[in-house]
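Asker: just the structure for this:
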Amino acid sequence: MLNLFDVIPRGFFNNLSSQARNRIWSDCLMIIYEEYDREVSYRLPRSRIQNTLARYLLENQVDWQDPEVDDPKNYMTIAGSIIRNLCSPDVRWLEEDSDENTFEKQIVMTEQGIMLAEFLLQLRQPEKDEYASYILGIYHIVTSQTIWETAPYEDGLRGIYRNAKALSKSLKKLSTFIRKIIERMASEESLKSLTDNIVEYCDGSFIREYSRLTRGQNIHLYRGDIRRKLEEIRDDLELEERMARSCAEIDHLSLEHAHLRIQEMMDSAQRFLFDDYDRIMADIRHKIYLYMQLALGRARFLQQRESSARSQVQQALRQLVSSVDESSIREEIPEDMQHLFNLHMYEYIDTRSIRFPRRFQMIRETEAVDVQEMTEEDLVRERQMQQREAHNPFSKQKMKLFLDLQMQGKDVLHTEDLPLSSQQDLLTSLSSVAYAQENGYAIVPEEGYVEADRILLRRFEVRRATKRST
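Answerer: Now for the predicted structure:
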């Protein structure tokens, strides 16, 4: 197997391991990398790179001691020395080339230099993963007919596999990040420190991302379509043969190994999407629950510890007051100093120790009033008011009429056929399903979920249980 150090130069990491200048070397690499940001390629004139480095050295007043540099304040010369070092065969973060037309020296960033700069940038400012984009990417692939007709392996199966692996890796990082947050909370030493950071903890990015993943772009919404497409791929021998030929050509494999590679990719994607995903999400959910319990428990413990310390001080004061009163020390103290020992004057009653008396219902005197007969209008008004109060918009009879109206001669009614646009429609549809069996209908669950009014509903079918005679 090819070793990493057979590919990169032997001194590739030497500058970063130097304790004296590792910060300067990393800053220089990032400055050079950012200089290419708005260019069409990683090739720039040497003079421009040298001027950029000299400006950085001047602004930070870098003290550069080097045998090649006579004047430690000649930053243009120091910048040239840095470029020569980065272009040396032992480092090769950069390469020096010449323009074919102007013969001007050009500085080219190597592939290893670009990857190292991106790695350092990722360590300095980690990017937040968009979990929903991976799920939507998989769903777009399985529902696109064009992809499976033109490039079933390159854009189809390999796209599903890459998105599944990327989502798996991101969720594992999320789980690890939660664990670190819990460990950081456990190291809090005071109630003030905990309360100062509790909002940051409870509103952490990991909880927001998790909420988006579970409420918005939940994989359960697309799992049925993904499962069905992967099963179609396994059953379509002609499509599998086309993918195997493309895999053998792109990945430089034999046709036999290409078939094995395709089977491994499908097995890996299915295993994650239908098994590992649920286990990872359950682990994240458990850690969030543990994290919140720890936050509350830690706050309660610190509060009790502080209140316990306060009670100990109060107990010590009471003992001091008692010992002063019982002894004859007051008689020996001058009169002008007696007030210093009136400790009992500073005691107080805590409101939590006060028991408030129960309020009993007052007995009122009986009052007699004349009986007034209700008029016919009063009776009608009272009857209408009671009817309004007793009105049930979701009764079994009304729900039977609702389902009969929705069916309109059909034998099967799908979830999407029911009105779910408003909260009232949602409650009516759910009530009709609850009374469906009593009203002569059967409910058959289906794969997948549908979202209505920020609620996930399992897909189902409404069928006529028996033919009703007219």
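
Asker: okay, CA-based contacts and neighbour counts for the rest of this
Answerer: Fine.

Asker: in stretch 108-115, what counts as buried?
Answerer: 108, 109, 110, 112, 113, 114 (16 or more other C-alpha atoms under 10 Å).

Asker: tell me which two of those sit farthest apart.
Answerer: 108 and 112 (11.5 Å; C-alpha to C-alpha).

Asker: want to try JSON lines for the buried residues of stretch 108-115, with pLDDT as columns?
Answerer: Listed next are the buried residues of stretch 108-115 as JSON lines, based on pLDDT from 0 to 100:
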{"residue": "108", "pLDDT": "90"}
{"residue": "109", "pLDDT": "90"}
{"residue": "110", "pLDDT": "90"}
{"residue": "112", "pLDDT": "90"}
{"residue": "113", "pLDDT": "90"}
{"residue": "114", "pLDDT": "91"}
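
Asker: list the contacts of the longest strand seen in the chain.
Answerer: Secondary structure of the chain per DSSP state E: the longest strand is strand 441-452. The contact list for strand 441-452 (C-alpha atoms under 8 Å, 6 or more residues apart in numbering) reads 220-224, 420-421, 426, 433, 436-437, 456-466.

Asker: direction included, what does it pair against?
Answerer: Looking at strand 441-452 with DSSP bridges, its partner strands are strand 455-464 (antiparallel).

Asker: on the three-state scheme, residue 96 is what?
Answerer: Following DSSP: H, G, I helix; E, B strand; the rest coil, we place residue 96 in the strand state.

Asker: what is the mean pLDDT for the longest strand of the chain?
Answerer: For strand 441-452, the mean pLDDT works out to 82.

Asker: ditto for stretch 262-277
Answerer: Across stretch 262-277, the average pLDDT comes to 86.

Asker: which residue packs closest to residue 407, ignoring adjacent ones?
Answerer: Using C-alpha to C-alpha, 6 or more residues apart in numbering and skipping the chain neighbours, the partner closest in space to residue 407 is residue 413 (6.4 Å).

Asker: now do the SS call for the one you found.
Answerer: Applying three-state DSSP: residue 413 is strand.

Asker: these two touch, right, it and residue 464?
Answerer: No: assessed by C-alpha atoms under 8 Å, residue 413 is found out of contact with residue 464, at 9.2 Å.

Asker: between these two, what contacts are shared?
Answerer: Common contact partners of residue 413 and residue 464 (C-alpha under 8 Å, 6+ apart): none.

Asker: of the buried residues of stretch 108-115, which belong to helices?
Answerer: The members of the buried residues of stretch 108-115 that map onto helices under DSSP state H are 112, 113, 114.

Asker: who are the contact partners of the second one?
Answerer: Contacts for residue 113 (C-alpha under 8 Å, 6+ apart) come out as 92, 93, 94.

Asker: kindly report the same for the last one.
Answerer: Shown in contact with residue 114 (C-alpha under 8 Å, 6+ apart): 33, 93.

Asker: do the same with the first one
Answerer: Residue 112 makes contacts with 8, 93, as judged by C-alpha under 8 Å, 6+ apart.

Asker: distance of it from residue 16?
Answerer: Noted for residue 112: a distance of 14 Å to residue 16, by C-alpha to C-alpha, to the nearest Å.

Asker: now the last one
Answerer: Applying C-alpha to C-alpha, one obtains 15 Å for the distance of residue 114 from residue 16.

Asker: also the second one?
Answerer: Using C-alpha to C-alpha, we find residue 113 at a distance of 13 Å from residue 16.

Asker: any chance of a markdown table for the ones in helices among the buried residues of stretch 108-115, columns distance to residue 407?
Answerer: Output for those, formatted as a markdown table (distance: C-alpha to C-alpha, whole Å):
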| residue | distance to residue 407 |
| --- | --- |
| 112 | 65 |
| 113 | 66 |
| 114 | 63 |
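
Asker: sorry, back to before: how about a markdown table for the buried residues of stretch 108-115, with distance to residue 160 added?
Answerer: As requested, these are exported to a markdown table (distance: C-alpha to C-alpha, whole Å):
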| residue | distance to residue 160 |
| --- | --- |
| 108 | 35 |
| 109 | 32 |
| 110 | 31 |
| 112 | 28 |
| 113 | 30 |
| 114 | 27 |
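
Asker: secondary structure class for residue 69?
Answerer: coil.

Asker: count the neighbours of residue 15 for me.
Answerer: A count of nearby residues for residue 15, using other C-alpha atoms under 10 Å, gives 18.

Asker: and it, helix, strand or coil?
Answerer: Relying on three-state DSSP, one would call residue 15 helix.

Asker: quick check: it vs residue 176, distance?
Answerer: Distance from residue 15 to residue 176, by C-alpha to C-alpha: 31 Å.

Asker: likewise for residue 147?
Answerer: Looking at residue 147 against residue 176, where the rule is C-alpha to C-alpha, the gap reads 35 Å.

Asker: how is the chain divided into domains?
Answerer: 4-124, 131-307, 391-464 (automatic domain parsing).

Asker: before we move on, the earlier item: so which of the ones in helices among the buried residues of stretch 108-115 is the closest to residue 4?
Answerer: Nearest to residue 4 among these, with distances taken as C-alpha to C-alpha, is residue 112, at 11.3 Å.

Asker: picking up where we left off before, wait, which of the ones in helices among the buried residues of stretch 108-115 is closest to residue 21?
Answerer: residue 113 (17.9 Å).

Asker: hang on, residue 268 packs against residue 160?
Answerer: No: in this structure, residue 268 is not within contact of residue 160 by C-alpha under 8 Å, at 10.2 Å.

Asker: who has more neighbours, these two?
Answerer: Legend: neighbour count by other C-alpha under 10 Å for residue 268 and residue 160, higher for residue 160 (27 against 15).

Asker: please identify which helix or strand holds that one.
Answerer: helix 158-186 (DSSP states H and E).

Asker: what residues of that helix count as buried?
Answerer: 158-165, 167-168, 170-171, 174-175, 178-179, 182, 185.

Asker: same question, stretch 427-441
Answerer: 428, 429, 430, 431, 432, 433, 435, 436, 439, 441.

Asker: ends of that stretch, what's the gap?
Answerer: Note: stretch 427-441 ends 18 Å apart using C-alpha to C-alpha.

Asker: okay, residue 76 and residue 418: tell me how far apart.
Answerer: Counting by C-alpha to C-alpha, the gap from residue 76 to residue 418 is 74 Å.
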